[in-house]
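Trainee: have a look; sequence and predicted model below, questions after that.
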Amino acid sequence: RASPANASAMPKLAGDWPIVQTAFGAHHYRFVGIEIKPSPGIFSYANVYLGENASLANQPHHIIFDRTYVHGDPNVGGIRGFLLDANNVAVVDSYVSGFWHNENDTQTILSCAGTGPFKISNNYLEAAGENTMFGGCGTAFIVTPSDIEIRSNYYFKPRSWKQNDPSYDGKFRLIKNSFELKHAQRVLAEGNVFDQNWGGQGQAGYAIVLTVRGEGYMTWAPVQDITFRRNIVRNTGRGSVITGLDDSGPSAGGQRMHIYDNLWQIDWDWGVAGASNGDFLAVFDSADDIWVEHNTVDQKGSIMQSEGLANQRFVLRNNIVQYGTYGITSSLGAGTPTLNGDFPGIDFRKNVIIDNQGNQQYYSGYPDNFWVSSVSSVGFVNYSAGDFRLSAASPYNNAATDGRDIGADIDAVNAATSCAVSGQCGGVTPPPPADTTAPSVPAGLSAT
C-alpha cells in the first residue's frame, strides 16, 4: 500500500477539481504511484471524476488506480476522493484521506451510477461522512452498482476530528459512518478493519449502514445479496443498521444479507451523548432473508432493536453477545413479544448471551440458547487482552448448530484482516523495467 511517506517520490497531478476526469467512453487506463491532490486552498468536490453524466453506453471502463495517494486539502478538506460512475474499476493499494466538510456528506469513494464490477482492495480510507458509499445519489439510468469486492481495507476517522477528544483540532466535521450501501447488489466485504466511528450531528454512530434509498424515484434500486464476513468493527458507538423498506419512496427494498464470522467491539463512549448507545443491530421494516450468525460481539448496549413491518426469515444464531441494555427489543416489548411480532419464525438458537440480570425469563419459547452470567463463563482465551478465541476448555466449542464453535472463527478473522491496518500484504515485488534510464523532460515542464 502506498502512503504519504511515498509522496516525495510520486509524480503529482494537482489543480482545481476535478483533477482527473474521463471523456465519454474512456477506457483501459492505469494510474500507478501518482499523488492526486487539489492545489493549496482548493476545496475539491471530487479529485477523480469517472463517468459523471455519461450514458451507460459511454461509461468509462477498465480503469485502475494502483498505489496512488489521493487526498483533500489539509486546511479546507474536500468532498470525495473518487466518484466512480464507471464499470470495471479498481482502487487498490492506495491511500485516500483528508475528505471532510462541516455540513455535507463526504466520502473517499462513491458510486451513484456505475455498473461495476468494482474492486476496492488494500486501501487506507479516511473520510468524515461515509468512508465508502454506493448509492445515495439519484441517476436517470436504470442501473444498480453491482459485483463489488471490498477487501483488506482500513477504514478510519482520526480522533482529532472528534469534538470531545483531547486531540480535537477545533474544525467541525459532519460525521456519519464507516460503510454505507444505499443502492447496490452482489457485494462482498471481507477482511476489512472498520475503526473509530462515532455518533454526532450526522448519524447515531452505526458503523455499517445497509439502508436502501431510491431517492424517491428509482423504483429499481435495491440493497441485496450482501456478504459481510471476517471483518473487525471496533471503536464504534453502534454496530449495524439494516432496513427493508425505503423511506424516500418506492424501491426494490433491502434483502438477502449474510453477516457472519465478524468481530464487533462496540463502545458506547463513541456514541451520541445522552442517547442509547452501544447497540449491536437495528433492523427495520421488512428486511427479509437476513442471516446474522457466528459473530462475536463485545457490546454494552442492546443486542437488537426493531420497529415497523415484520422481518421475514430472519436468522440470529451461533453468536456470542452481551445482553446489554434491553436485549432484543421494540415497542412491542423486550424478548418474546419482539421476536414473535417483528421476526415471525425467527431461527434464534445456540447463541451465548452474557447476562447477569436474569433476563432469560423474557424469552420463553426460545430455550435453545446459552445464558451465562459473566464473560469469564464463556471461556475466551484472554478477554481482557482482546483475544476472543475460545479456549480448549470452553463449553461452547463445537456447540453451534453447524458443529462449529459458537461465535466468530477468530483465527479466520485474524488471517483475513492481517494486513488491513498496515497495508503490507506481502505481494510479489514486480521486476524492474528493462531500461532504467530516466526519461527526458520536455522544456517548460517540471519532472513533478
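Mentor: Yep, it's here.

Trainee: residue ranges with poor pLDDT in this structure?
Mentor: 268-269, 271-276, 427-448 (pLDDT under 70).

Trainee: work out which residue lies at the spatial centre of it.
Mentor: What sits nearest the mean C-alpha location of the chain, by Cα atoms, centre = their mean, is residue 179, with 2.8 Å.

Trainee: wait, doesn't residue 407 sit right on residue 317?
Mentor: No: counting by Cβ atoms under 8 Å, residue 407 does not reach residue 317; the two are 11.3 Å apart. (Each C-beta comes from the backbone N, C-alpha and C, glycine too.)

Trainee: tell me where the stretch 301-448 of the chain has strands.
Mentor: 304-307, 315-317, 320-322, 328-329, 347-349, 352-354, 370-372, 380-382, 387-390 (DSSP state E, counting those that start in this stretch).

Trainee: among those strands, which is the most enclosed?
Mentor: For the strands of the stretch 301-448 of the chain, the largest average neighbour count (mean count of other Cβ atoms under 10 Å) is found in strand 328-329, namely a mean of 27.

Trainee: so which elements touch that one?
Mentor: Here strand 328-329 touches strand 304-307, helix 336-342, going by 3 or more Cβ pairs under 8 Å, 6 or more residues apart in numbering; DSSP states H and E.

Trainee: with distance to residue 224 added, can I get these in JSON lines?
Mentor: Shown next, in JSON lines, are these (distance: least, Cβ to Cβ, whole Å):
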{"stretch": "strand 304-307", "distance to residue 224": "19"}
{"stretch": "helix 336-342", "distance to residue 224": "20"}
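
Trainee: compare those and report which one is nearest to residue 207.
Mentor: Checking the helices and strands packed on strand 328-329 against residue 207 by Cβ to Cβ gives strand 304-307 as the closest, at 15.4 Å.

Trainee: now that closest one - C-alpha only, PDB.
Mentor: Provided in PDB are the C-alpha atoms of strand 304-307 (Å, rounded to 0.1, in the frame of the first residue of the first chain):
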ATOM      1  CA  MET A 304     -31.000  -5.800  18.600                       C
ATOM      2  CA  GLN A 305     -33.700  -3.200  18.200                       C
ATOM      3  CA  SER A 306     -36.600  -3.300  15.700                       C
ATOM      4  CA  GLU A 307     -39.600  -1.400  14.500                       C
END
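
Trainee: adjacent strands (with direction) for it?
Mentor: Using DSSP bridges, the strands paired with strand 304-307 are strand 281-284 (parallel), strand 328-329 (parallel).

Trainee: now the ones you listed in TSV, with distance to residue 257?
Mentor: TSV is the format used below for the strands paired with strand 304-307 (distance: least, Cβ to Cβ, whole Å):
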stretch	distance to residue 257
strand 281-284	10
strand 328-329	18
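
Trainee: returning to what we had before: next up, identify which helix or strand the residue nearest to the centre of the chain is on.
Mentor: Applying DSSP states H and E as the criterion places residue 179 in strand 177-181.

Trainee: check residue 28 too.
Mentor: Element membership of residue 28 [criterion: DSSP H and E] is strand 27-32.

Trainee: quick revisit: which one of the strands of the stretch 301-448 of the chain lies nearest to residue 222?
Mentor: strand 315-317 (19.8 Å).

Trainee: that closest one pairs with which strands, parallel or anti?
Mentor: For strand 315-317, pairing defined by DSSP bridges yields strand 288-293 (parallel), strand 347-349 (parallel).

Trainee: from the chain's centroid, how far away is it?
Mentor: Mean-position distance between strand 315-317 and its chain equals 21 Å (Cα atoms, centre = their mean, to the nearest Å).

Trainee: one more: stretch 401-415?
Mentor: Relative to the mean C-alpha coordinate of its chain, stretch 401-415 is positioned 21 Å out (Cα atoms, centre = their mean).

Trainee: quickly find the element holding residue 91.
Mentor: Short version, using DSSP H and E: residue 91 is in strand 87-92.

Trainee: could you point out which element follows that strand?
Mentor: That would be, after strand 87-92 and using DSSP H and E, strand 95-99.

Trainee: what residues does the helix or strand just after that following strand touch?
Mentor: With elements assigned by DSSP H and E, the helix or strand that comes after strand 95-99 is strand 107-111. Identification of contacts with strand 107-111 by Cβ atoms under 8 Å, 6 or more residues apart in numbering yields 70, 79-86, 91, 96-97, 99, 118, 120, 123, 125-127, 129-137, 145.

Trainee: mind redoing it with 7 Å?
Mentor: Outside strand 107-111, the residues that touch it by Cβ atoms under 7 Å, 6 or more residues apart in numbering are 80-85, 91, 96, 99, 118, 120, 125-127, 129-134, 145.

Trainee: next step: the residues you listed restricted to strands.
Mentor: 80-84, 91, 96, 99, 118, 120, 125-127, 130-134 (DSSP state E).

Trainee: sorry, back to before: the strand holding residue 179 pairs with which strands?
Mentor: Strand 177-181 pairs in its sheet with strand 130-134 (parallel), strand 206-211 (parallel), by DSSP bridges.

Trainee: tell me which of those is the most buried.
Mentor: Highest mean neighbour count among the strands paired with strand 177-181 (mean count of other Cβ under 10 Å): strand 130-134, with a mean of 28.

Trainee: pretty sure residue 32 sits against residue 66.
Mentor: Yes: at 4.7 Å, residue 32 and residue 66 qualify as touching, with contact defined as Cβ atoms under 7 Å.

Trainee: and the gap between the closest residue to residue 10 other than its chain neighbours and residue 3?
Mentor: Distance criterion Cβ to Cβ, 6 or more residues apart in numbering; nearest residue to residue 10, sequence neighbours excluded, is residue 35 at 4.2 Å. Residue 35 sits 11 Å away from residue 3, taking Cβ to Cβ, to the nearest Å as the criterion.
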